[in-house]
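# Provided below for reference: sequence and predicted model.
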Amino acid sequence: MESIKYNEQGLVPVIAQHAEDGTVLMMAWMNEQALKLTLEKGEMVFWSRSRGEIWHKGATSGNFLKVVCWSPDCDFDCLLFKVLPQGNGVACHTGKKSCFFLFNTAS
């Protein structure tokens, strides 16, 4: 964990990916405390930049993200967590499974 490279705000970007089907569920930020809490709880804990506080994903919605495994990228400045969604399987605050929507571009 000491190798993780946090940015000037003390944050590192985090990708949450469905451990079974590979869907990228969301991108969020962690500070050192959020990473420690995530590893202790076995559930995703982020840093909310808009609220300026720790955010335990699912604490209010019941849609927790259970950690299966995790890895930093080759530069140690981005983290990938493979997770299993709990609750109703929704990761996005919009009620969708994923925060990412694919768009077709016109040729």
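Perfect, thanks for sending it. As the structure is a prediction and not an experimental result, all values here were calculated from the model.

# Run through this structure and note the low-pLDDT ranges.
Scanning the chain with the threshold set as pLDDT under 70 gives 104, 106-107.

# Grab the most central residue of it for me.
Centroid-nearest residue in the chain, with Cα atoms, centre = their mean: residue 16, separated by 4.1 Å.

# Across the sheet, point out what pairs with that residue.
On the basis of DSSP bridges, residue 16 is bridged to residue 26, residue 81.

# which residues touch it?
24-28, 44, 65, 81, 83, 91 (Cβ atoms under 8 Å, 6 or more residues apart in numbering). To be clear about C-beta, it is placed using only N, CA and C from the backbone, and glycine gets the same treatment.

# now for those, which pair is the farthest apart?
The most widely separated members of the contacts of residue 16 are 24 and 44, with 13.7 Å between them, by Cβ to Cβ.

# In terms of neighbours, single out the busier of those two.
Ranked by neighbour count (other Cβ atoms under 10 Å), residue 24 and residue 44 place residue 44 first, with 27 against 14.

# hmm, back to that, filter the contacts of residue 16 down to the buried ones, ChimeraX style.
Those of the contacts of residue 16 that count as buried under 16 or more other Cβ atoms under 10 Å are selected in ChimeraX with:
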select :25,26,28,44,65,81,83,91
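
# Format the contacts of residue 16 as a markdown table; extra columns: distance to residue 59.
What follows is those, written out as a markdown table (distance: Cβ to Cβ, whole Å):
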| residue | distance to residue 59 |
| --- | --- |
| 24 | 22 |
| 25 | 17 |
| 26 | 15 |
| 27 | 19 |
| 28 | 14 |
| 44 | 11 |
| 65 | 11 |
| 81 | 17 |
| 83 | 15 |
| 91 | 14 |
